[in-house]
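1. How does the following fold in three dimensions:
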Amino acid sequence: MELTLDQIAGKLEALEDTIIYELIERAQFKLNPGIYMKGESGLSGNPNRSLFEIMFRMQEYIHALFGRFTTPEERPFNKNLPEARRSMIRPDSGLHIDDHDKVNLTREILPTYLQLVSLICEQGADGEYGSSVVADIAAVQAIAERVHYGAFYVAERKFLDEEKTYRKLIAASDIDGIMAQLTRPEVEAKILDRVKSKVAHVQEGANTKVRRLIAPDVVAQFYEDHIIPLTKEGEVLYLLNRNL
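-> Below you'll find the model as predicted:
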């Protein structure tokens, strides 16, 4: 099934909404730095893992059993997860790659997200440790889905639209050439403006006595510095590993 550019763009915009809402939710709790500290989980027998790491792995373990990571854009952050036990028939993705995990940017996504948390959350601790981790997981998975959806489907659409050019670049393993070919500065500028506007719009009328607001510029900067570059890095990986 070949997706149109409008369909892909619509999905990416929908994922923007999810990311924004999840970041706003995380910002309602303080940073709670202890949840990221190894040996401070409150669970015995886990001296080398943080509460965040333990909860994240357990959630992905369950999701793996139910087949979440059989979807191309759902790339797991944890390794050695179980095979899906649920029988499913997935529709044809229209992608041409043998192993979806050849395009997995989670290792790069997680540290950038944790840097963002320190910018949107109030410093200190409020005791809402479990809620903070739940919000963290939802936010970082939404970011990862957006990065990987763009990496797979935008790259495939661009390949189909300019197949001759991309085949030549791929045959030469010209990474810089592929990156230059797929980069669209005018599209990136529109994305940044849209993200900034959305963050401001979603928070309009919020009661600041009980709600913490996040700065639109901070989220737009995160897109510019991390989400967009990582998506393009994923696009290059997809094209280099695409079955020709």
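
2. wait, what's in contact with the most centrally placed residue in the chain?
-> Taking CA atoms, centre = their mean, the centroid of the chain lies closest to A144, which sits 1.7 Å from it. Counting by CB atoms under 8 Å, 6 or more residues apart in numbering, A144 touches E74, R75, F77, L105, T106, I109. (Each C-beta comes from the backbone N, C-alpha and C, glycine too.)

3. Give me the pLDDT value at the nearest residue to E128 once chain neighbours are set aside.
-> Of all residues not flanking E128 in the chain, F29 sits nearest, at 4.6 Å (CB to CB, 6 or more residues apart in numbering). Note for F29: predicted pLDDT of 98.

4. try M1
-> M1 is assigned a pLDDT of 66 by the prediction.

5. Return the distance of G150 relative to E53.
-> For G150, the distance to E53 (CB to CB, to the nearest Å) stands at 27 Å.

6. Which one's more surrounded, those two?
-> G150 (24 against 18; other CB atoms under 10 Å).

7. which non-adjacent residue is nearest that one?
-> Excluding the flanking residues, the one nearest G150 by CB to CB, 6+ apart is T231, at 4.0 Å.

8. count of residues packed around that neighbour?
-> Look at T231: counted by other CB under 10 Å, it has 24 neighbours.

9. Next, the contact list for it, please.
-> Per CB under 8 Å, 6+ apart, neighbours of T231: R146, V147, G150, A151, V154.

10. picking up where we left off before, in TSV: the contacts of A144, plus secondary structure.
-> TSV is the format used below for the contacts of A144 (DSSP: H, G, I helix; E, B strand; the rest coil):
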residue	secondary structure
E74	coil
R75	coil
F77	coil
L105	coil
T106	helix
I109	helix
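
11. Which of the contacts of T231 has the largest number of neighbours?
-> V147 (28 neighbours).

12. What strand or helix carries R146?
-> helix 129-149 (DSSP states H and E).

13. hmm, back to that, and the contacts of T231, which is closest to T208?
-> R146 (28.0 Å; CB to CB).

14. Could you measure from that closest one over to R49?
-> Distance from R146 to R49, by CB to CB: 27 Å.

15. likewise I170?
-> Distance, I170 to R49, using CB to CB: 40 Å.

16. Likewise for S173?
-> Relative to R49, and taking CB to CB, S173 is found at 39 Å.

17. related to what we said a few turns ago, render the CA-only coordinates of the helix holding R146 in CSV, please.
-> In CSV, the C-alpha atoms belonging to helix 129-149 read as follows (Å, rounded to 0.1, in the frame of the first residue of the first chain):
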residue,chain,number,x,y,z
TYR,A,129,7.5,9.5,41.0
GLY,A,130,5.3,6.9,39.4
SER,A,131,3.2,9.4,37.6
SER,A,132,6.3,11.2,36.3
VAL,A,133,7.6,7.9,34.8
VAL,A,134,4.3,7.1,33.2
ALA,A,135,4.3,10.5,31.6
ASP,A,136,7.9,10.1,30.5
ILE,A,137,7.2,6.8,28.8
ALA,A,138,4.2,8.1,27.0
ALA,A,139,6.1,11.2,25.8
VAL,A,140,9.3,9.5,24.7
GLN,A,141,7.3,6.7,22.8
ALA,A,142,5.3,9.4,21.0
ILE,A,143,8.5,11.1,20.0
ALA,A,144,10.0,7.8,18.8
GLU,A,145,6.9,7.0,16.8
ARG,A,146,7.0,10.3,15.1
VAL,A,147,10.7,10.0,14.2
HIS,A,148,10.4,6.5,12.9
TYR,A,149,7.1,7.1,11.0
